[in-house]
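here's my sequence, what's the structure:
(one chain, ligands or ions: 1)
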Amino acid sequence: MIDLNNLTIVSARAKLDAKEFSAVELAQAYLDEIKKKNGELNAYLEIYDDVLEQAKLADDRISKGESLPLLGVPLAIKDVILIKGRKVSAASKILENYVAPYDATVITKLKKQGAVFLGRTNTDEFAMGGSTENSAYGVTKNPHDTKRVAGGSSGGSVVAVAANLALGALGSDTGGSVREPASFCGIVGMKPTYGRVSRYGLIAMGSSLDCIGPVAKNAEDTQIIYDAICGQDVLDGTTINDQTYLKPILKKVIGVPWDLVNGKGVDIKVKENFKQSMENLEKLGFAVKDISLKNLDMALAIYYIIMPAEASTNLSRFDGVRYGMHKDGKNLLEDYLLTKGAGFGKEVRRRILLGTYVLSAGYYDAYYGKAVIARDLLKKEFARVFNEIDVIATPTAPFVAWKIGEKSDPLSVYLADIFTVTANIVGVPAISVPSGFTEVEGKKLPLGVQFMAPHGAEDALFEVGGKLNMV
Ligand code: GLN
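The predicted structure follows:
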């Protein structure tokens, strides 16, 4: 029996190399666990039927002496990332039986390493949400309390890792979708610098915000997946040359926007846990400094204008002609109405409407134009504070995972993103690291701390995040 609970990517690699178990045995152990738990948790929408064949190929490479960090390592992939010849639906009815015609660049890279893909994971439809309740294929449950949400939108990938249904995973993060569920489920999730990981083959939500990000049990494993997927890509013109950034030299100073952290929407238990985490870092030799970022409280407003504007533009391609579902009407307009009406869920329709509105003639300058200016201000402010500190720390989310169905008003779910959207708006990397538990109604629910670093300073995140991770 392989002890999946204590297995990490690093230890699995060592055991595979030492022939303590084979990649086939490891994959089988995960398949058995998935069989036991996925019915209830709904982390995976599909388990691939060739997992053992993939693992066998990895074993062949291991037996020839190859030892790449992810060779034979079983991973879960969010249902918005294309794997050639396999279904990808963005958890939407409109793409229910859509088959990917090519590999995303991140997949090409993982295949080269010999990673084993277990299956595709649940998400809010088109990654729009913070709880995975917006999936067209049922909600994903939190393994710490199955009455509660896993967070989202990458809830399926995060639960797969948190419940030992995969050793690591890929998610996508447009406003916090890797970090918020990671915090709700007690594992690590990371959003790279915009442009450091190729978006080629990622189903787009907000193209200036979208990032593919790794999910794993600890900071070290997360870095291994990040290292495997990053790099400039000719297929994505927004990717950047890795030489652009130098390895950061740490000043050992952490900045905290206390005004925002102490704000009234933040749960008292979250505040206490966060303060404790900062004290722990001080004991490890970091100075914690109050920073004022006066435009930080505009971040949510900026995000909920720019994101729907870009999402509505991106989703116009799902017209019932080029991809996925098609419903026949009497004319082209009726085809559109029938297809989109049947194919898109409520939240997706809300965002298409919002986005179309903020981009429409007459409102463009008042909303979209202003949001773009405010985004620029925030970027400048971040550049200023990063002169004096290594990372900015905040709680990852203002509250713990809520009960399934509890938040019926979409605005209250949007508030969950208060700390996470800023990194996407500014384009900087950010990580969520587990910071302990709080007891709610007899269950221990995880909490997380988020760190944001300057553009290209992922190393600082792994360094500081890794320290807190070990406390
Ligand atoms: N919760 C945020 C939203 O609903 C973030 C989504 C994401 O990062 N994909 O927009």
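
now for Val321, how many residues are close by?
By the other C-beta atoms under 10 Å criterion, the neighbourhood of Val321 contains 12 residues. Just so you know, the C-beta spots here come from the backbone N, C-alpha and C atoms, and that holds for glycine as well.

quick one: classify it as helix, strand or coil.
At Val321 the chain is in coil, as set by DSSP: H, G, I helix; E, B strand; the rest coil.

next, the residue nearest to it when sequence neighbours are not counted: phi, psi?
In space, and not counting its chain neighbours, Val321 is closest to Asp335: 7.5 Å by C-beta to C-beta, 6 or more residues apart in numbering. The phi and psi values for Asp335, taken as degrees, to the nearest 10, are phi -60, psi -50.

could you check how far Cys286 is from Val471?
Small correction: residue 286 is Phe, not Cys. Here the criterion is C-beta to C-beta, to the nearest Å. By it, Phe286 lies 12 Å from Val471.

ok, which stretches of the stretch 51-200 of the chain are strands?
Assigned by DSSP state E, counting those that start in this stretch, the stretch 51-200 of the chain shows strands spanning 74-78, 116-121, 141-142, 145-149, 168-173, 188-191.

out of those, flag the one nearest the ligand.
Minimum separation from the ligand across the strands of the stretch 51-200 of the chain (C-beta to the nearest ligand atom) falls at strand 168-173, 4.9 Å.

partner strands of the closest one, parallel or antiparallel?
strand 74-78 (parallel), strand 211-216 (antiparallel) (DSSP bridges).

anything in the first one near the ligand?
I take that to be strand 74-78. No: shown here: strand 74-78 not in contact with the ligand (C-beta under 6 Å from any ligand atom), separated by at least 9.7 Å.

chain center to that strand: distance?
Centroid displacement of strand 74-78 relative to its chain, using C-alpha atoms, centre = their mean, to the nearest Å, is 12 Å.

got a list of contacts for it?
Strand 74-78 has contacts (C-beta atoms under 8 Å, 6 or more residues apart in numbering) with 26-27, 30, 43-44, 51, 55, 83, 107, 110, 115-121, 123, 127, 154, 156-157, 160-161, 165-172, 225.

okay, the angle between that strand and strand 116-121?
For strand 74-78 and strand 116-121, the angle between their directions (axes from the mean of the first three to the mean of the last three C-alpha atoms, to 10 degrees) works out to 30 degrees.

now do the longest one
Here strand 211-216 points in a direction 120 degrees away from that of strand 116-121 (the same axes, to 10 degrees).

tell me the mean pLDDT for strand 211-216?
Confidence for strand 211-216, expressed as mean pLDDT, is 98.

kindly report the same for stretch 8-25.
What stretch 8-25 shows for mean pLDDT is 98.

buried ones in that stretch?
8-9, 12-13, 15-16, 21-24 (16 or more other C-beta atoms under 10 Å).

quick revisit: Phe286 and Val471: which has the busier surroundings?
Using other C-beta under 10 Å, the more surrounded residue of Phe286 and Val471 is Phe286, with 22 against 14.

for the more buried one, phi and psi?
Main-chain dihedrals, Phe286, degrees, to the nearest 10: phi -90, psi 140.

now swap in the one 3 residues further on and tell me
Recorded main-chain torsions at Lys289 are phi -120, psi 140, according to degrees, to the nearest 10.

ok, now how distant is it from Ile254?
Taking C-beta to C-beta, one finds Lys289 at 7 Å from Ile254.

what is in contact with the two at once?
By C-beta under 8 Å, 6+ apart, Lys289 and Ile254 have these common neighbours: Ile389.

which ones among the contacts of strand 74-78 also lie next to the ligand?
127, 172.

can I get whichever helix or strand Ala12 is part of in PDB, CA atoms only?
Using DSSP states H and E, Ala12 falls within helix 9-17. Provided in PDB are the C-alpha atoms of helix 9-17 (Å, rounded to 0.1, in the frame of the first residue of the first chain):
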ATOM      1  CA  ILE A   9       6.100  15.100  -5.600                       C
ATOM      2  CA  VAL A  10       9.600  15.200  -4.300                       C
ATOM      3  CA  SER A  11       9.200  12.000  -2.300                       C
ATOM      4  CA  ALA A  12       7.400  10.200  -5.100                       C
ATOM      5  CA  ARG A  13      10.200  11.100  -7.500                       C
ATOM      6  CA  ALA A  14      12.800   9.600  -5.100                       C
ATOM      7  CA  LYS A  15      10.700   6.400  -4.500                       C
ATOM      8  CA  LEU A  16      10.100   6.000  -8.300                       C
ATOM      9  CA  ASP A  17      13.800   6.300  -8.900                       C
END
